[in-house]
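Engineer: Whatever this is, show me its structure:
(2 chains)
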Protein chains: 2
Amino acid sequence: MQRIVGKHNVIHEPHRLHVFSCDGYVAKQALPRAVVYPSNTEEVAAVVRWLHQHKVPFLPRGAGTGLSGGAIPLNGEVIISLVKMRKLLSVDFDNLRAVVQPGLVNLTLTKKIMGDGYYYAPDPSSQSACTIGGNLAENAGGSHCLKYGVTTNHIVAAKFVLPDGEVLDVGSPFGDPIGYDVLGLIVGSEGTLGIATEITVRILKKPQAVKTALAMFDRVEDASNTVSAIIGAGIIPAAIEMMDQLAMQAVDKSNYHVGYPTDIEAVLLIEVDGLAAGLEEDAARIVDICAQNHVRMVKIAEDDAERALWWSSRKMAFGAIGRVSPDYIVQDGVIPRTRLTEVLQRIEEISRESGLPIANVFHAGDGNLHPLICYDSRIPGDTEKAIQVGSEVLQVCVDVGGTITGEHGVGIEKIEDMRYQFQDEDLRAQIAIREAFNPLDLCNSGKLIPTPGRCAEIKEAKWTAIARNAHVFERLEEQTAVTAPPQNGSTLRQPGELQDPSGDEC
Amino acid sequence: MQRIVGKHNVIHEPHRLHVFSCDGYVAKQALPRAVVYPSNTEEVAAVVRWLHQHKVPFLPRGAGTGLSGGAIPLNGEVIISLVKMRKLLSVDFDNLRAVVQPGLVNLTLTKKIMGDGYYYAPDPSSQSACTIGGNLAENAGGSHCLKYGVTTNHIVAAKFVLPDGEVLDVGSPFGDPIGYDVLGLIVGSEGTLGIATEITVRILKKPQAVKTALAMFDRVEDASNTVSAIIGAGIIPAAIEMMDQLAMQAVDKSNYHVGYPTDIEAVLLIEVDGLAAGLEEDAARIVDICAQNHVRMVKIAEDDAERALWWSSRKMAFGAIGRVSPDYIVQDGVIPRTRLTEVLQRIEEISRESGLPIANVFHAGDGNLHPLICYDSRIPGDTEKAIQVGSEVLQVCVDVGGTITGEHGVGIEKIEDMRYQFQDEDLRAQIAIREAFNPLDLCNSGKLIPTPGRCAEIKEAKWTAIARNAHVFERLEEQTAVTAPPQNGSTLRQPGELQDPSGDEC
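Structural biologist: Numbering: from 1, shown residues only, chains lettered A, B, ... in the order given. A predicted model of the protein is given here:
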């Protein structure tokens, strides 16, 4: 490895490897055998060729902000860290394209082009730390994906190193996919098919104008109906975010105090953008629709400062929960928009039955829920209960026609939950695809796709997994002299920022 | 087969099979060994299982309007015709979803839901005949895909029969893909991975208002610059279509006489849609941008009748070329928008060098060219020359960073042209995917992906293909006592309409 990437670009000392034992998902940890920092496609390909030849398992890693454990070296993998490959290689403003290295931080791309009036649309909460390569691997979403679509709609081509070191050119900077959509397959494959080393993305012209409304509702049901009514009216807002009472209360205790009345059940943050002409009228129609749905108070942001405060209050909500609960799990599921009310009711029931408080902060416009399950890892059994509650919530999502993840991915966190959604034959098709690309299963093994044939044993498998997790927690406490044990809002922490010695831009 | 689908749902008499020897691509023809009409997913699965068990090659067919030969039974396949599976199974207006059988005609879907104020967005020229299943196979586009995206953006889930008869549920009606994006892989796979038997599509609310502008330019360059300037201004029109002089002249000789001045080089048809508020201003900005780019005349349609005439003039352009040339090939390539002027110049040079007139009628907004290469199949060598000219045009598209097809697919027409765009390793990845789904290659063999390993021999392969085509033409003249030989605007004819005995809705 050192011969390929240089001596200073390999970490192998045990005490320095600890920080790579997990990503944003901390319920499972394992040590990599080494961490390698290549600088370009050729180095990635050479590293992978060597590892493939010697049958050493490996996995790619971006900023390590992933929430489902996709970058955890379960099998003692060599981690190929892409954070030193963080160049913006070229921009073509006229054709709205940029070519980036995978380690470029999402928000850094926007910062580099915003002076010219452009931006990169997908905006996950972690956008100030997460990388475009990681976004590609997880098919990342974000608040504004309601109007603009998730990552797969914004990546048009890539250089891609297969698990045997061969380099493919997938997609095309212009035009739709030709032949099988290999690029579409790679986006969201969570690092199990290979490593993207050069990524061509769409960039967008910054909208001429933005209008943001904050609407407070006495009842969750009215807020939910408002979401459906806005979209039913043919308006496509850039974003519709919802927070429930527990989340609002937590936020109002933080630095982003908006002053939500303590007795309202839900708040909506609704944003429209585009050409200035007509936006006033869009906003007026939204206010009307809120009024028809018994809103207590709705207002349009008067200036950028007010708009920024509202957004900060939304974006910091996860962190704020960390102030009112010692630990929490951010779940992530999708449901049809029209089932919002009943699903939120069901989540409340699950919360009551389990005794664990659940706050909801989510992308209501596209039905992408984020229940924040509060627990206390110091109480024996609480962690296992929180994991089980999360799994029950996902079962509810699938039961109403939704899915087990909107934007956080499957990784190891939801690998058993895949069975809620897929039959054996569907899983076999997925495995056939993996085998076509990654026949030796050297690249990020044990993630994303469960082994089929155990459908009858789901519950048992789940409980085994939970027991395993509990065991890992125990082991961790012995192991982690270097890193802090997972606690206090731990899923929000940006490991790229904290842990990665070379990720200075993260 | 008769035991599975009923006696009247199998065609095997040679004289009735002739009409299935080609689709919208007529340069190659071959007889199927039978045609089978299943009625539902179970029948499709049973038919495919039997064929798989007995190692009989087969292929799916919709309305037969495909332009690249994807439904031609090169290997004497059993054709599984889906035109009897044409039900709209359910509609969920609130969540903007419809579930359809694959044989439902594209425009019929819109007709069935337009009374409620909804429509299905992808609008290929053949939309009054082509089926949603065929659209899925080809990832069909259309004039309004500039704003709304091509078919892959509008299909969210499907039941899919694998080539061994196993039935998968791919995608999810709500939420983005989980695990590998198998649905995205299937869309555009041209019938080589299996057969979609139930398709869940997005439907859209009809825009509140539409404004359409017609702009005439002395010079192609000014029209091209206008296209870039409109998009550069942050406007996303529903459609920007361009026609050149030859196309305008042909159209003005047809029933859709607009009265284009004979000395203008290009006309643009620009449409914006959405909420009524602000659309006036959008239209005014478009008129301004045209003026800045030396437009000779630009006007906004005064009423629906005028708008309809302009669109008819555009949509009938292909047919109109049939009036001025005995035969023509509709080519289909994609280029970056900003390279329009130079590529159109290069096409003019190719036309001059070859002596074959080329008209251009195309989706300028997304750089999707449709050069119509005029020739006379009665002149020896003219057909081969036209095919070669088409191939040269595609080479130009790839040279400027584009692709070899925007919406017509690869099929057999462009299988050798794939080498312009893909290296051997890229083709091998595509073949690995096919083998994962279709290991015996029984399902639509010989389409879409060329065999790698002959990159150095592209030109030779091309010429061999042309010679093969010529040979087929000769054979056809002997064979086709029943069907007419290909001539007079033959690529425009809708074989589904003409040929399919049971496709009454087509």
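
Engineer: where does the residue in chain A sticking out farthest from the centre sit relative to A:N9, distance-wise?
Structural biologist: Distance from the C-alpha centroid of chain A, by CA atoms, centre = their mean, peaks at A:R3 (34.9 Å). Separation of A:R3 from A:N9 (CB to CB, to the nearest Å): 11 Å. Heads up, the C-betas are built off the backbone N, CA and C, glycines and all.

Engineer: Please identify the helix or strand for A:L246.
Structural biologist: Assigning secondary structure by DSSP states H and E places A:L246 in helix A:245-252.

Engineer: and after that helix, which helix or strand comes next?
Structural biologist: Counting by DSSP H and E, what follows helix A:245-252 is strand A:266-274.

Engineer: And the next helix-or-strand element following that next one, what does it pack against?
Structural biologist: The helix or strand immediately downstream of strand A:266-274 is helix A:279-292, counting by DSSP H and E. Here helix A:279-292 touches strand A:209-217, helix A:220-232, strand A:266-274, strand A:295-300, going by 3 or more CB pairs under 8 Å, 6 or more residues apart in numbering or on different chains; DSSP states H and E.

Engineer: if we compare the ones you listed, which one ends up closest to A:K87?
Structural biologist: Closest of the helices and strands packed on helix A:279-292 to A:K87 is strand A:266-274, at 29.4 Å (criterion: CB to CB).

Engineer: which helices and strands does the closest one pack with?
Structural biologist: Where contact means 3+ CB pairs under 8 Å, 6+ apart, strand A:266-274 is packed against strand A:209-217, helix A:220-232, strand A:239-244, helix A:279-292, helix A:304-315.

Engineer: which other residues reach the fourth one?
Structural biologist: Spelled out, that is helix A:279-292. Among residues not part of helix A:279-292, those counted as contacts by CB atoms under 8 Å, 6 or more residues apart in numbering or on different chains are A:209-211, A:213, A:215, A:226, A:229-230, A:233, A:235, A:237, A:268, A:270, A:272-273, A:298, A:300, B:275, B:277-278.

Engineer: again, but for the shortest one
Structural biologist: Contacts of strand A:239-244 with the rest of the structure, by CB under 8 Å, 6+ apart, involve A:143-144, A:146-147, A:220, A:223, A:227, A:230, A:251, A:265-271, A:314, A:317, A:344, A:359-365.

Engineer: Which pLDDT does the model give the residue of chain A found nearest chain B?
Structural biologist: Using CB to the nearest CB, the single residue of chain A nearest to chain B is A:G278, 2.1 Å away. We note a pLDDT of 80 for A:G278 in this prediction.

Engineer: try the one 3 residues further on
Structural biologist: Per-residue confidence for A:E281 comes out at a pLDDT of 88.

Engineer: Could you give the number of residues near it?
Structural biologist: Residues lying near A:E281 (other CB atoms under 10 Å in any protein chain shown) number 14.

Engineer: tell me which residues of stretch A:68-78 are tucked away?
Structural biologist: Of the residues in stretch A:68-78, A:S68, A:G69, A:G70, A:A71, A:I72, A:P73, A:L74, A:N75, A:E77, A:V78 count as buried by neighbour count, 16 or more other CB atoms under 10 Å in any protein chain shown.

Engineer: Kindly reformat these as TSV and extend each row with secondary structure, distance to A:D417 and pLDDT.
Structural biologist: Below are those laid out as TSV (DSSP: H, G, I helix; E, B strand; the rest coil; distance: CB to CB, whole Å; pLDDT from 0 to 100):
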residue	secondary structure	distance to A:D417	pLDDT
A:S68	coil	10	95
A:G69	coil	13	96
A:G70	coil	15	97
A:A71	coil	19	97
A:I72	coil	17	97
A:P73	coil	22	98
A:L74	coil	17	96
A:N75	coil	21	97
A:E77	coil	23	98
A:V78	strand	28	98
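
Engineer: So which of those residues is the closest to B:E348?
Structural biologist: Lowest distance from B:E348 to the buried residues of stretch A:68-78 (CB to CB) belongs to A:G70, with 51.3 Å.

Engineer: A:L448 versus that closest one, what's the distance?
Structural biologist: From A:G70 to A:L448 the distance is 8 Å (CB to CB).

Engineer: what touches both of those two?
Structural biologist: Jointly contacting A:G70 and A:L448 under the rule CB under 8 Å, 6+ apart are A:E190, A:G409, A:G411.

Engineer: if we look at chain B, which of these are close to it?
Structural biologist: Counting by CB under 8 Å from any CB of the partner chain, the subset of the shared contacts of A:G70 and A:L448 that neighbours chain B is empty.

Engineer: Please narrow these to those residing in helices.
Structural biologist: Among the shared contacts of A:G70 and A:L448, none falls in helices (DSSP state H).

Engineer: JSON lines please, covering the buried residues of stretch A:68-78 and showing distance to B:G179.
Structural biologist: Below are the buried residues of stretch A:68-78 laid out as JSON lines (distance: CB to CB, whole Å):
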{"residue": "A:S68", "distance to B:G179": "12"}
{"residue": "A:G69", "distance to B:G179": "15"}
{"residue": "A:G70", "distance to B:G179": "13"}
{"residue": "A:A71", "distance to B:G179": "18"}
{"residue": "A:I72", "distance to B:G179": "18"}
{"residue": "A:P73", "distance to B:G179": "21"}
{"residue": "A:L74", "distance to B:G179": "18"}
{"residue": "A:N75", "distance to B:G179": "20"}
{"residue": "A:E77", "distance to B:G179": "20"}
{"residue": "A:V78", "distance to B:G179": "25"}
